[in-house]
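Student: Model the structure of this input:
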Amino acid sequence: MTAPRPRDDVMKIHAYVGGESKIPGVNRIIKLSSNEGAFGPPQAAQAAFARVAAEIHRYPDGGSVELRRAIGARFGLSPERIVCGTGSDELIQHLCLIYGGPGTDIIMSLHGFSMYQIAGTYAGSRVLKTPERNLTADVDAMLAAVTAATRVVFLANPNNPTGSLLPQSEVERLRRGLPEDVLLVLDAAYAEYVTDPAYDAGTKLVDAGENTVMLRTFSKVFGLGGMRVGWAYAPPAVVDALNRVRGVFNVNLAAQAAAVAALAEPGWVERSVAHTTEWREWLRAALESAGIKTWPSVGNFFLADFATAERAAAANAWLKARGIIVRAMGSYDLPHCLRITVGTEEECGLVADALKDFAAHG
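Tutor: Down below sits the predicted model:
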């Protein structure tokens, strides 16, 4: 007997592995594996979610009109150049399918977000991972990988999982060095956490031409990871292409309502960023004092470097035994590292105590 067979490209894909959320036999879990906001969802978003409960038999606005207007008002952007998606993951996939395909190349940095490789491979493209310098994207390496087959370059800035930030001058140099017909996708999921005044999430380069897209999300600082809301700011031609292929009702009713409310929550972003900045550096210093190397980060997470995969696995097991879940980095070719989300003050203290004990006795 024969059976339907998936495309060979599909069978090359290693399924995305999300952060763990449960430990068998442990009641109290401290989940620091998925870079979720330390304070949960904004109260206004929770209230908006509750208000629409009686309306969930209705289809949502297929164009996310109110949400796009709210995003535009918050960030000073034209709603007509915004496309909303089921998380930015949906938009990444569509961009790969629209601009990639068999016989084309998609470029990303070695430790870039794994969805670029998954979506690019699904589209039938060859995905090239370029070397980094000190866990930071290397513009020269990315430009050296460009050929006539290159169609899309993905740059997460800040980068997940390394937490590194490419200076604005380097991002601009990358864009100048790429052919005009190559799409540069700037994934700025962690943009709100950046405090460098010189940083631009991508708006300037999108406005400067027809070949750059900025991706953003509500999953991090806005605390709506479970609602799956992302958005793109793009040139009109890219917006037109995305709107032709995206799901017609891709952002659900409750997600749209919660996202609009989250944007309007007074002081939410400022409080979240201030907390993250303070406790990220506090926790890094605590680990460094215990002899555990950490990598600088501008996101709501950082990498703890244990030098060997065996030592990192032992530290991960030590944390799990205490109900603390962080993210192992083997799938990102960083098996010697653990990615730790910055949680509440209490959670940061518990992680510090546990890893100090590990360093002393583990």
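Student: Mind splitting the chain into its structural domains?
Tutor: Here the domain assignment for the chain is 8-31+268-361, 43-264, based on automatic domain parsing.
Student: so what's residue 184 closest to, chain neighbours aside?
Tutor: Beyond its immediate neighbours in the sequence, the residue positioned closest to residue 184 (C-beta to C-beta, 6 or more residues apart in numbering) is residue 212, lying 4.7 Å away. Just so you know, the C-beta spots here come from the backbone N, C-alpha and C atoms, and that holds for glycine as well.
Student: Give me the number of neighbouring residues for residue 62.
Tutor: The local packing of residue 62 (other C-beta atoms under 10 Å) involves 13 other residues.
Student: Revised request: answer the last question for residue 176.
Tutor: Count around residue 176 with other C-beta under 10 Å applied: 10.
Student: how far is the helix or strand of the chain with the lowest mean pLDDT from where the chain is centred?
Tutor: In the chain, the helix or strand scored least confidently by mean pLDDT, DSSP states H and E is helix 8-11, which has a mean of 84. On the basis of C-alpha atoms, centre = their mean, to the nearest Å, helix 8-11 is displaced by 25 Å from the centre of the chain it belongs to.
Student: just to revisit the earlier point, which phi and psi does the residue nearest to residue 184 have?
Tutor: phi -130, psi 140 (degrees, to the nearest 10).
Student: Could you do residue 129 as well?
Tutor: phi -100, psi 120.
Student: was I right about it contacting residue 106?
Tutor: No - shown here, residue 129 and residue 106 do not form a contact pair, counting by C-beta atoms under 8 Å, at 10.0 Å.
Student: Between the two, point out the one with more neighbours.
Tutor: Taking neighbours as other C-beta under 10 Å, residue 129 and residue 106 compare with residue 106 leading, 29 against 17.
Student: Tell me the secondary structure at the more buried one.
Tutor: Following DSSP: H, G, I helix; E, B strand; the rest coil, the label given to residue 106 is strand.
Student: and the closest residue to it other than its chain neighbours, what element?
Tutor: On the basis of C-beta to C-beta, 6+ apart, the spatially nearest residue to residue 106 that is not a chain neighbour turns out to be residue 120, at 3.9 Å. In this structure, residue 120 sits in helix 114-123 according to DSSP states H and E.
Student: and the residue nearest in space to the middle of the chain, backbone torsions?
Tutor: The central residue of the chain, meaning the one whose C-alpha is nearest the mean C-alpha position (C-alpha atoms, centre = their mean), is residue 189 at 4.6 Å. Note on residue 189: its backbone torsions stand at phi -60, psi -30 [degrees, to the nearest 10].
Student: that older thread, run a quick neighbour tally on the residue nearest to residue 106.
Tutor: Tallying neighbours of residue 120 according to other C-beta under 10 Å, which is how burial is gauged here, yields 30.
Student: Residue 36 touches residue 225, doesn't it?
Tutor: Yes - in this structure residue 36 lies within contact range of residue 225 using C-beta under 8 Å: 5.2 Å.
Student: Which of the two has more residues huddled nearby?
Tutor: Under the criterion of other C-beta under 10 Å, the comparison of residue 36 against residue 225 puts residue 36 first, with 21 against 17.
Student: In contact with that one: list those residues for me.
Tutor: Shown in contact with residue 36 (C-beta atoms under 8 Å, 6 or more residues apart in numbering): 219, 220, 223, 225, 341.
Student: give me that answer again for 6 Å
Tutor: residue 225 (C-beta atoms under 6 Å, 6 or more residues apart in numbering).
Student: tell me the secondary structure for it?
Tutor: On the three-state scheme (three-state DSSP), residue 36 is labelled coil.
Student: where exactly do the helices run in the stretch 151-300 of the chain?
Tutor: Assigned helices in the stretch 151-300 of the chain, in chain order: 168-177, 203-208, 236-245, 253-264, 268-289 (criterion: DSSP state H, counting those that start in this stretch).
Student: Output those as a markdown table; include the columns mean pLDDT.
Tutor: Conversion of the helices of the stretch 151-300 of the chain to a markdown table gives the following (pLDDT from 0 to 100):
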| stretch | mean pLDDT |
| --- | --- |
| helix 168-177 | 98 |
| helix 203-208 | 98 |
| helix 236-245 | 97 |
| helix 253-264 | 97 |
| helix 268-289 | 97 |
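Student: can you list the ones you listed in TSV and add distance to residue 325?
Tutor: Below are the helices of the stretch 151-300 of the chain laid out as TSV (distance: least, C-beta to C-beta, whole Å):
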stretch	distance to residue 325
helix 168-177	33
helix 203-208	35
helix 236-245	35
helix 253-264	25
helix 268-289	15
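Student: show me what contacts the residue nearest to residue 184?
Tutor: Contacts for residue 212 were tallied using C-beta under 6 Å, 6+ apart; they are 184, 205, 206.
Student: Check whether the last one really touches residue 214, as I assumed.
Tutor: The reference is to residue 206. Yes - under the criterion of C-beta atoms under 6 Å, residue 206 lies in contact with residue 214, with a separation of 5.3 Å.
Student: These two: which has the busier surroundings?
Tutor: More neighbours surround residue 214 than the other of residue 206 and residue 214, with 27 against 23 (other C-beta under 10 Å).
Student: Would you quantify the distance from that one to residue 96?
Tutor: For residue 214, the distance to residue 96 (C-beta to C-beta, to the nearest Å) stands at 16 Å.
Student: what do you get for residue 46?
Tutor: When residue 46 is compared with residue 96 (using C-beta to C-beta), they lie 34 Å apart.
Student: Give me the more crowded residue out of those two.
Tutor: For residue 46 and residue 96, the more surrounded residue by other C-beta under 10 Å is residue 96, and the numbers stand at 29 against 15.
Student: and the helix or strand where that one lies, which residues are buried?
Tutor: Assigned by DSSP H and E, residue 96 belongs to helix 87-99. Neighbour-count burial for helix 87-99 flags 87-99 (criterion: 16 or more other C-beta atoms under 10 Å).
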